[in-house]
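# got a predicted structure plus its sequence, pasted below:
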Amino acid sequence: MLEHAAATALKQRLPLVGVLRSSGADIVEGFAALHGWGRAARALTACSGVVPTVLIVDGPAVSGPALLLGIADHVVMTESAYAFVSGPTMVAEFTGVVIDNDELGGAASHSRYSGSASLVTATVAEAIEIAELLLAYFPQHNDEEPPLWATDDDIERLTPEAGELIPASSNGSYDVRAVIRALADDGDLLELRPRWATNVVTACITVGGMPVGVVANQPLALAGTLDIPASQKAARFVSTCDAFNLPIITLVDTPGFYPGKDLEWRGMIRHGAQLVFAYGRSTVPRICVILRKSYGGAHIVMDSKNMGNDLCIAWPCAELAVMGAGQAAAILQRRATDDERAAFEADYTQRLLNPYVAAERGLIDAVIEPAETRRIVGHALAMLVDKREHLQARPHDNTPL
């Protein structure tokens, strides 16, 4: 049935929504059951990037069916649902760890630890409603533009409250979702994967009635640094927006990549490359707004001007540099006295940690007041609505995994 639904959705160019409850291949049916799930996986893969796909899990999704969750664009799980490739019995037999269904693969686990669940609801009815809301941001297929939303929120509305959120101290934290709400029509946003990789926020909003995707560093978690889960979360979201013609707004406030031996050994290079690759290949309108910190390699990864965005703007409090003053002093003034180091940091901050140096060199397009952000972003989106890029013919790219 799932294979037929996916094939029909692809043929008719309609979004696919499926409700999944399956304990896996039927042992009685033998190998034929595995063949069926393989055909369903192939049909769902054919839909990828052509029509939006949403799977709602209400109950078990075990073994083969669980892998389908990784193919779908979005997964909504009810609180009673669970999904895993190998169940508690196999885990206990092979590892000796006794664990139940909910802890191993419950909705809470997938929303917080694996990132497999985009959203979690209490009931199936709520899951269907949230799927409808989610699909309202996307076109029916990849040859259409996203549908315009009706709104009375004036695109000329000023947003001074956005700038007021930034603490006086460069090390202070704030909730970047409040900035997103200030820019969005009527303050509405739909955040995806809100409990996983919380150091980056991915959300759908509208600006002037135009659906857009937002990627933002979250200073409340790990100071907004990028690690492996954050890179994967943002890369997947950027790729989804690009596939279905949603413009992307990137809000930058990050001191860099989270340092650590464990992260490096687990493949920070490969996974960090997923995000820069996703931005580098995207052809939708892209606007980057540097709110505060934008340091080092993370500056490049978060859709910098050289990555090919269409507009790169910064607030006056923005800090663009290879690294912060303290880190620079630790390297360049490691033999200096405390007074000499303090003087170096003050001079470094005054001369280099401001957006005007980058603006003079063409690395950002303009320095704007926070109150002007919604107006400038909205007009830029309207101007870029007919943006098209010629893509070189090739079977597919070779994205880092």
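Perfect, I can see it now.

# ok, residue 12 to residue 6 distance?
11 Å (Cβ to Cβ, to the nearest Å). The way it works is simple: take the backbone N, C-alpha and C, and place the C-beta from them, glycine included.

# one more: residue 325?
From residue 325 across to residue 6, the span is 54 Å (Cβ to Cβ).

# can you pick out the residue with more neighbours from the two?
Shown here are residue 325 and residue 6; by other Cβ atoms under 10 Å, residue 6 has more neighbours (25 against 21).

# the more buried one and residue 48 touch, don't they?
No - if you go by Cβ atoms under 8 Å, residue 6 and residue 48 don't touch, sitting 10.0 Å apart.

# and for the lowest-mean-pLDDT helix or strand in the chain, what's in contact with it?
Within the chain, confidence by mean pLDDT, DSSP states H and E is lowest for helix 325-332 among all helices and strands, at a mean of 72. By Cβ atoms under 8 Å, 6 or more residues apart in numbering, the residues outside helix 325-332 that reach it are 321-322, 336, 341, 344-346, 348-349, 353.

# same question, stretch 227-238
If you take Cβ under 8 Å, 6+ apart as the criterion, stretch 227-238 is touched by 115, 192-193, 196-197, 199-200, 202, 213, 215, 248, 257-258, 263, 266-268, 271-272, 274-275, 277-279, 282, 301.

# just give me how far it sits from the chain centre.
6 Å (Cα atoms, centre = their mean, to the nearest Å).

# same deal with stretch 199-211?
That offset, for stretch 199-211, works out to 10 Å (Cα atoms, centre = their mean).

# repeat that for stretch 310-318.
That offset, for stretch 310-318, works out to 20 Å (Cα atoms, centre = their mean).

# buried residues in that stretch, which are they?
Using 16 or more other Cβ atoms under 10 Å as the test for burial, stretch 310-318 gives 310-315, 317-318.

# contact partners for the closest residue to residue 101 other than its chain neighbours?
If the residues on either side of it in the chain are set aside, residue 101 comes closest to residue 82, at 4.5 Å by Cβ to Cβ, 6 or more residues apart in numbering. Contacts for residue 82 (Cβ under 8 Å, 6+ apart) come out as 59-61, 101-102, 104-107.

# list the buried residues of the least confident helix or strand of the chain.
In terms of neighbour count (16+ other Cβ under 10 Å), helix 325-332 has its buried residues at 325, 327-329.

# from the residues you listed, pick the one nearest residue 78.
residue 327 (45.5 Å; Cβ to Cβ).

# measure that closest one to residue 51 for me?
Distance check for residue 327 against residue 51: by Cβ to Cβ, it reads 46 Å.

# follow-up on the earlier one: among the contacts of helix 325-332, which are in helices?
341, 344-346, 348-349 (DSSP state H).

# report the buried members of the residues you listed.
341, 344-345, 348-349.

# walk me through the domains of the chain.
2-135, 160-318+354-383 (automatic domain parsing).

# winner for burial among those?
domain 160-318+354-383 (a mean of 20; mean count of other Cβ atoms under 10 Å).

# distance between the ends of it?
Start-to-end span of domain 160-318+354-383 (Cα to Cα, to the nearest Å) is 24 Å.

# quick revisit: of the contacts of helix 325-332, closest to residue 160?
Relative to residue 160, the closest of the contacts of helix 325-332 is residue 353; by Cβ to Cβ it sits at 23.3 Å.

# could you find the closest non-adjacent residue to the closest one?
Nearest one to residue 353, counting by Cβ to Cβ, 6+ apart, is residue 319 at 4.3 Å.

# the one you found bridge partners, please.
residue 293 (DSSP bridges).

# how near is the residue of the chain most remote from its centre to residue 329?
Ranked by distance from the centre of the chain (Cα atoms, centre = their mean), the top residue is residue 337, with 43.2 Å. Taken as Cβ to Cβ, the spacing of residue 337 relative to residue 329 amounts to 11 Å.

# for residue 162, same thing?
31 Å.

# over to residue 15?
Counting by Cβ to Cβ, the gap from residue 15 to residue 329 is 53 Å.

# can you list the weak-confidence ranges in the stretch 201-350 of the chain?
Along the stretch 201-350 of the chain, no part satisfies pLDDT under 70.

# hang on, the earlier thing: closest to residue 94 among the buried residues of helix 325-332?
Nearest member of the buried residues of helix 325-332 to residue 94, counting by Cβ to Cβ, is residue 327, at 44.2 Å.

# against residue 278, how distant is that closest one?
27 Å.
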